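# Could you look at this predicted model? Sequence included:
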Amino acid sequence: MANGTMSETAIDFSLNEEMKLLQQSVRDFAETEIRPRVLEHDEAQTFPLEVFKKMGELGFLGATVPTDLGGAGMSAVEFVIIMEEIARVDPSVGLILAAHSGLCLQHIFLFADEIQKKRFVPDLATGAKIGSWCLTEPGSGSDASGLKTTAVKGGEGYRLHGSKCFITNGSYASTYVVMAKTDPSQGNKGMSAFVVERDREGVSVGKKENKLGMRASDTVTMTFDNVLIPRENLLGREGEGFHQALTVLDSGRIGIAALSVGLAQGALEAAIKYSKERQAFGKPIAEFQAIQFKLAELATHIQAARLLTYRAAIAKKKGEPINQVAAHAKLFASEVAQRAATEAVQIFGGYGFIKDFPVEKFYRDAKLLTIGEGTSEVQRMVIAKNLLRS
Amino acid sequence: MKLAVCISHVPDTATKITIGADGKSIDTTGVNYIIGPYDEYAIEAALRLKEKMTGEVVVISLGGDAHKESLRKALAMGADKAVLLKDASPRDSFSVARAVADYLKEFSPDITFFGKQAVDYDNSAVGLMVAEMLGLPSAAVVVKFEVKDGSLLAEREIEGGHEVVEVKLPAVLTMQKGEYEPRYPSLKGIMAAKSKPIEERQPSASSPKVEILSMLKPPPKPAGKIVGTDASAVPELVRLLHEEAKVI
């Protein structure tokens, strides 16, 4: 591949011509279609359905899905490019994409059989349907194996019973991937994953959470009241659910890392622009070293986070193990995002604290990134476990 | 239908331009280049016509290898083929038009689209010069058009309103913002563009008719004037806006 991601030197993080074109196109899209209504959706906590539909039409949602299943046939590297550009303008739209494509669609694509793929993947890849991924429960977050939802096998299929919380895209989704215990006596090994359609009897959407940030993304509780799930909706085999969920989270973390890089980049660009315009003591504040050092430090951290994220995406593209590299990227990038948002608010001073400027929202949105899809503490546990193995 | 779209590769309109050391060209360091915004309306217009009537859209640009970036984007938007008239040396409008006209003579499209102007030198000249050189009818500053057997009706912007003109095909149109808001390249389009050809051609040479002697930055904006700080200043402000600034 000429000018590709990996040249013969085997260390090459440069973007090829198509990747640059993709980056520019997504940036234009985000600036024109997303930017004008960022604050409105944030204030009202409304889901930008129009933006979601357009992202489906342009192929963003199914970027990594093969063309015969309605996708664009691209790789994790292109997904990272798309995510960064979306999150640079609105991280909560990035989160919608992360839950839909990075978790729900990715889970089905990785573990469904051929028939299931044909049933579920194309509608998710084109955005005809919205996807959601249900793991967390009121009593189990980081300790995912402690979930209480059950799926009891009977004559007609499984009866799914339990409730899930913090479910992203929940109110708008019509396709859910749900983790439940098929054999509670087996702990981790007793968990299975199912595709659950919205219109099944007993599926209900509960309370919509009123959140600190990421407010255009929809977060709800979901209740499954003795929902009958046919056997054809079981993903893989019984007992594989926990392993599947961890594999999906590994790959999802690359998406959250990219989201974090995008948020940090958006915050940095806003801070640079403001520091050139804002005058204090007779000159733009950008001329003060106190501001310059902050900007330089942020730019350096963001570049490091971006390279870690590309590194993880390239590993995924090449089919290498990603557990460790994805955790590195997610841990570092999410903490950089939080720092970038904090420093950007500091550079804006009082204006950083009000909603007329974009960094106030970045500050609120950033916090989710060190929590969702594995907290920073969980990432450190994953990394340390790999270090101490053998 | 054979549709040609001639595009320019120009500095991003958000770029801050500085004048180069020679005093007669711009400093290109760090300048991001894009397809001319009016040329994007031209691409969109051609693509919509093709989708309605079938045909082929060929996108053409004259310049160095860097122009391939813009040609590739046009291919990703949906154009079928690209031609680079490869010559990186500076040319005036006439010599660009001459080379484009020479190429189009051989390709003979039914409609050739341009943007109403490139946003670099702002001459608004090449499209209409090409029409003249090829002896073709043209309509400039077109916001909307409709093809009707063997001719087309073009709605064009004029001072204070629009006029509708009819031109016989083949014809040349220069496009203005209006009906044809350009599409974003889709991911499928970007993937498809990889395998679409960019043909390189040696453009014909001709002597320029215009030589750039020097470039100057516009004078800095004069400082604002504060007429007063309370309601009593309103009549004076209205008078100044009316009589001096002539904006109301």
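Thanks, I have it. In this text the structure is predicted, and so the values were computed from the model without any measurement.
# From now on I want contacts and neighbour counts done on CA atoms only, so please keep to that.
OK.
# tell me the secondary structure for residue A:244?
Classification of residue A:244 using DSSP: H, G, I helix; E, B strand; the rest coil returns helix.
# quick check: longest helix of chain B.
The longest helix of chain B (DSSP state H) is helix B:37-53.
# Over that one, what's the mean pLDDT, rounded is fine.
Across helix B:37-53, pLDDT averages out at 97.
# Also stretch B:57-65?
In this model, stretch B:57-65 has a mean pLDDT of 97.
# So which bits of it are buried?
Residues B:57, B:58, B:59, B:60, B:61, B:62, B:63 are the ones in stretch B:57-65 that count as buried (16 or more other C-alpha atoms under 10 Å in any protein chain shown).
# In JSON lines: those residues, plus secondary structure and distance to residue A:249.
Shown next, in JSON lines, are the buried residues of stretch B:57-65 (DSSP: H, G, I helix; E, B strand; the rest coil; distance: C-alpha to C-alpha, whole Å):
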{"residue": "B:57", "secondary structure": "strand", "distance to residue A:249": "44"}
{"residue": "B:58", "secondary structure": "strand", "distance to residue A:249": "45"}
{"residue": "B:59", "secondary structure": "strand", "distance to residue A:249": "44"}
{"residue": "B:60", "secondary structure": "strand", "distance to residue A:249": "46"}
{"residue": "B:61", "secondary structure": "strand", "distance to residue A:249": "46"}
{"residue": "B:62", "secondary structure": "strand", "distance to residue A:249": "49"}
{"residue": "B:63", "secondary structure": "strand", "distance to residue A:249": "48"}
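# Now flag whichever of the residues you listed is closest to residue B:213.
Nearest to residue B:213 out of the buried residues of stretch B:57-65 is residue B:63 (C-alpha to C-alpha; 21.3 Å).
# Can you list the buried residues in the longest helix of chain B?
The neighbour-count check on helix B:37-53 (16+ other C-alpha under 10 Å) flags B:37-47, B:49-50 as buried.
# okay, the strand or helix carrying residue A:81 in PDB with CA atoms only?
For residue A:81, the element it lies in under DSSP states H and E is helix A:76-89. Below are the C-alpha coordinates for helix A:76-89, written out as PDB (Å, rounded to 0.1, in the frame of the first residue of the first chain):
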ATOM      1  CA  ALA A  76     -10.200   1.300  13.100                       C
ATOM      2  CA  VAL A  77      -7.800   4.100  12.000                       C
ATOM      3  CA  GLU A  78     -10.500   5.800   9.900                       C
ATOM      4  CA  PHE A  79     -13.000   5.400  12.800                       C
ATOM      5  CA  VAL A  80     -10.600   7.200  15.100                       C
ATOM      6  CA  ILE A  81     -10.200  10.000  12.600                       C
ATOM      7  CA  ILE A  82     -14.000  10.400  12.300                       C
ATOM      8  CA  MET A  83     -14.400  10.300  16.100                       C
ATOM      9  CA  GLU A  84     -11.800  12.900  16.800                       C
ATOM     10  CA  GLU A  85     -13.300  15.300  14.300                       C
ATOM     11  CA  ILE A  86     -16.800  14.900  15.600                       C
ATOM     12  CA  ALA A  87     -15.700  15.200  19.300                       C
ATOM     13  CA  ARG A  88     -13.600  18.300  18.500                       C
ATOM     14  CA  VAL A  89     -16.900  20.100  17.900                       C
END
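# After it, which helix or strand is next? Please name it.
Counting by DSSP H and E, the next helix or strand C-terminal to helix A:76-89 is helix A:91-97.
# Quick one: classify the nearest residue to residue B:24 once chain neighbours are set aside as helix, strand or coil.
In this structure, residue B:24 finds its nearest non-sequential neighbour in residue B:214, 4.2 Å apart by C-alpha to C-alpha, 6 or more residues apart in numbering or on different chains. What three-state DSSP gives for residue B:214 is coil.
# Just the pLDDT at residue B:214, thanks.
For residue B:214, pLDDT reads 94.
# which residues does it contact?
Shown in contact with residue B:214 (C-alpha atoms under 8 Å, 6 or more residues apart in numbering or on different chains): B:23, B:24, B:25.
# Wait, residue B:4 touches residue B:61, no?
No: using C-alpha atoms under 8 Å, residue B:4 is not in contact with residue B:61; the gap is 10.5 Å.
# give the contact list for residue A:167.
Applying C-alpha under 8 Å, 6+ apart, the residues contacting residue A:167 are A:132, A:133, A:134, A:136, A:218, A:219, A:220, A:221, A:222.
# beta partners for it?
residue A:220 (DSSP bridges).
# Please tell me I have it right and residue A:270 contacts residue A:360.
No: at 10.8 Å, residue A:270 does not count as touching residue A:360 under the criterion of C-alpha under 8 Å.
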